[in-house]
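Q: Below is the structure, and that's it, no one-letter string:
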């Protein structure tokens, strides 16, 4: 049976989210207590239940399993509770006014009398009174629920999220069917399974089998980029999870899983199609994308010009810009102007930018009143597109009016106004983003997709660019490296890597370096020295991209961020900093925003700098600690619960770097990353560099990567759907190999 301590909270030793280490002052002295406790402040009376333990370094401590807050008994306790941040609509000033009016038993009076207790206090009124009383009452209800849920291994933070969804029914819902929490994305399947064992749900429960099949399907699709799983594979993987560490009489059978998958289909959670099982949303995106592409492609440019006129426009463009386009580039422009849906692909230095700029200019000559829209998957890619075309460009999310939790501004019912849309860095587009964009394209619009099909595919499900090319969407592939680009070892070596050839290094050119080192610990130190050397040479930290294939390990992004932060931006009394979990955000840090957030005006992949830790006052006048950063000159603040959207960016993954470029790229190349050593990964990282590439590691690891061209196949049927839809639309001979 658990022990119980009651006393006053003294010094708070450590606090992070809902975890607390503090001194509890009781009648028999003071004790260190630690555990999941939310919203209590120094001076408050609390009761904790749990067990004693002995820490090897810090001695005897009390491990909190659950806790409760008795009704405040003094004015100070009442003010501390009401202003703790748990009571909506009640900041420190309002808390003092209420307690001065009602006395030390203010909270008890509010619980008993409700809104009438505070409605007539000056500055509160009916609306605020209703909000405050509801919050006070629910807080004590929440405490009881948190206490009960803690017995099932549910943290305070998690319990709060569940309570917001189910209210006073929370405990009964969790006990009856904890797997319901997975449908609402409140917990993952493995956590729900752990809770289920504690509340006594049978391992053979249909709730469990359905939830696991749903979990396996989504997890495999999201982690491997698939749009579907073969039915047999889904059943095998589901059984592997369900029967792990289960006794013989608790083993789920193949038939059990098959029945549950059928039930999920009846409930509309997934789609069966010829032995393939899709999450419903991915099936919808894939089929609608194929349908829209087929309709757009089933149309040549209606007001097309004669070949002689096109050649005249091309000659005029060359004369006005003082350039001579290669025959392949001129041929690309002719072909691109002939179709409504077009793909332009090629590696670095092959002239994709030149062709794109020429095409825009000539299209304007041909259609003087046309409305042209430019977009890319990330903010960095959009800015680069704007720079090279000298036109406005936006992210795809911004173009279609994406706002988290709201309907899209543009879709088939309210299409985009553009006559010609150019989409850059298409290799980064997943099937969802492709669907959202194409759904908003009006019939007859010309769409040019530009991208390097040999780069890494999107992080999320789908292989949009590759699938379109393989389906026979009109494609121009540029392969010739132009003379100016041939002088760059970065360009030459990128193409060599892409062809499976080893890199060549001419140290006299000073743009491509390879530093040999085998031990990951020493590689990390050489990366640090290289960064510091470039900073000494006058490069800004924003000019340097350190790219790692993985997040974990000695030369993964997490550890390299820690090392580089310490080297480039060490702690100093004059610098603000804020520790969140194991991450320290410090004034001057290079950071990356990791989620599209229209409210903040930021997109996934935006780079910024931490400016200060300050205070933000909400509409109720309540003060909140906030981290202020600047992104492209725009100041943005983050509250504590928003910092999950921010990461240090001294080192980022190669996937995260897509769509961006920097003067300097530094990459570890080590067999410690063996599982990630692949040709397209190295190729993508190299092509982020504008001036210099520095690789640190072993030639053995680099050559393993170059030889590994086994691109993991993604389960998609977009190519098949497009071929069926395009069979009589695009003759095979029209596709340029």
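A: Happy to help now that I have it. Keep in mind the model is a prediction, meaning the values are calculated, not measured.

Q: low pLDDT regions in the stretch 601-737 of the chain?
A: 620-622, 726-737 (pLDDT under 70).

Q: Just the buried residues of the longest strand anywhere in the chain, please?
A: When the chain is parsed with DSSP state E, its longest strand is strand 3-16. For strand 3-16, burial by neighbour count (16 or more other Cβ atoms under 10 Å) applies to 5, 7, 9-10. For the C-beta atoms, the positions are set from N, CA and C on the backbone; glycine is no exception.

Q: Skip ahead from that strand and say which helix or strand is next.
A: Per DSSP states H and E, the first helix or strand lying C-terminal to strand 3-16 is strand 19-26.

Q: any idea how this protein splits into domains?
A: 3-34+41-62, 75-151, 176-283, 302-481, 501-707 (the TED database).

Q: Can you lay out those as TSV showing distance to residue 291?
A: Converted to TSV, the domains of the chain look like this (distance: least, Cβ to Cβ, whole Å):
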stretch	distance to residue 291
domain 3-34+41-62	45
domain 75-151	46
domain 176-283	12
domain 302-481	9
domain 501-707	26
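
Q: Figure out which of the ones you listed is closest to residue 725.
A: domain 302-481 (8.5 Å; Cβ to Cβ).

Q: mind checking how far the closest one is from the chain centre?
A: 25 Å (Cα atoms, centre = their mean, to the nearest Å).

Q: sorry, back to before: can you tell me which of the buried residues of strand 3-16 comes closest to residue 30?
A: Out of these, the member with the shortest distance to residue 30 (by Cβ to Cβ) is residue 10, at 6.0 Å.

Q: Apart from its chain neighbours, what residue comes closest to the closest one?
A: residue 23 (3.7 Å; Cβ to Cβ, 6 or more residues apart in numbering).

Q: count of neighbours near the one you found?
A: Look at residue 23: counted by other Cβ atoms under 10 Å, it has 18 neighbours.

Q: now residue 515, which residues is it bridged with?
A: For residue 515, the beta-bridge partners are residue 696 (DSSP bridges).

Q: which other helices and strands contact the longest strand of the chain?
A: strand 19-26, strand 29-36, strand 45-55 (3 or more Cβ pairs under 8 Å, 6 or more residues apart in numbering; DSSP states H and E).

Q: Let me know which of the ones you listed is the nearest to residue 239.
A: So among those, strand 29-36 is nearest, using Cβ to Cβ, at 34.0 Å.

Q: Quick check, residue 364 in contact with residue 371.
A: No: checked against Cβ atoms under 8 Å, the pair residue 364 and residue 371 is beyond contact range at 10.7 Å.

Q: quick check: mean pLDDT across stretch 442-455?
A: Per-residue pLDDT values over stretch 442-455 give a mean of 93.

Q: Can you list the low-confidence ranges for the protein?
A: Those would be 1, 16-18, 39, 299-306, 404-405, 483-485, 620-622, 726-737, if you go by pLDDT under 70 across the chain.

Q: How far does the longest helix anywhere in the chain sit from its chain's centre?
A: When the chain is parsed with DSSP state H, its longest helix is helix 125-150. Relative to the chain's own centre, helix 125-150 is displaced by 33 Å; criterion: Cα atoms, centre = their mean.

Q: tell me the angle of it relative to strand 29-36?
A: If you take axes from the mean of the first three to the mean of the last three Cα atoms, to 10 degrees, helix 125-150 sits at 90 degrees to strand 29-36.

Q: Mind listing what's buried along helix 125-150?
A: 128-133, 135-136, 138-139, 142-143, 145-150.

Q: And stretch 51-63, by the same measure?
A: Those would be 61-62, for stretch 51-63 by 16+ other Cβ under 10 Å.

Q: And stretch 449-468, by the same measure?
A: 449-458, 461-468.

Q: Which strands or helices does the longest helix of the chain pack on?
A: strand 59-68, helix 92-102, helix 106-113, helix 156-166, helix 170-176.

Q: right, and the domains of the chain - which one's nearest residue 490?
A: domain 501-707 (5.3 Å).

Q: I'd guessed residue 709 sits against residue 677; true?
A: No: between residue 709 and residue 677 there is no contact under Cβ under 8 Å: 11.4 Å.

Q: Show me which of these two is the more surrounded one.
A: Taking other Cβ under 10 Å, residue 709 and residue 677 do not tie; residue 677 has more neighbours (22 against 13).

Q: Contacts only, for the more buried one.
A: 549, 669, 671, 701, 704-705, 708 (Cβ atoms under 8 Å, 6 or more residues apart in numbering).

Q: Try it again at 6 Å.
A: 704-705, 708 (Cβ atoms under 6 Å, 6 or more residues apart in numbering).

Q: Give me the neighbour count for the residue lying closest to it once chain neighbours are set aside.
A: Once flanking residues are discounted, residue 677 sits nearest to residue 705: 4.0 Å by Cβ to Cβ, 6+ apart. Neighbour count for residue 705, taken as other Cβ under 10 Å: 24.

Q: I'd say residue 705 and residue 682 touch.
A: Yes: contact criterion Cβ atoms under 6 Å: residue 705 and residue 682 qualify, at 4.7 Å.

Q: shared neighbours, the two?
A: Joint contacts of residue 705 and residue 682 (Cβ under 6 Å, 6+ apart) do not exist.

Q: Now do the same contact list for residue 514.
A: So residue 514 contacts 505, 695 (Cβ under 6 Å, 6+ apart).

Q: Now do it against residue 679, distance only.
A: 17 Å (Cβ to Cβ, to the nearest Å).

Q: Farthest-apart pair in the buried residues of strand 3-16, please.
A: 5 and 10 (12.5 Å).

Q: and the helix or strand residue 465 falls within, what does it pack onto?
A: Residue 465 is part of helix 464-471, with elements assigned from DSSP H and E. Secondary-structure packing of helix 464-471 (3 or more Cβ pairs under 6 Å, 6 or more residues apart in numbering; DSSP states H and E): helix 718-726.

Q: by how many degrees do the helix it packs on and helix 464-471 diverge?
A: Going by the same axes, to 10 degrees, helix 718-726 makes 50 degrees with helix 464-471.

Q: Tell me which residues of helix 718-726 come out buried.
A: 718-719, 721-722, 725-726.

Q: list the contacts for residue 324?
A: If you count contacts by Cβ under 6 Å, 6+ apart, then residue 324 has residue 318 around it.

Q: what about it, which SS state?
A: Put simply, residue 324 is coil when judged by DSSP: H, G, I helix; E, B strand; the rest coil.

Q: Over to it: give its phi and psi.
A: Backbone torsions of residue 324, given as degrees, to the nearest 10, read phi -120, psi 110.
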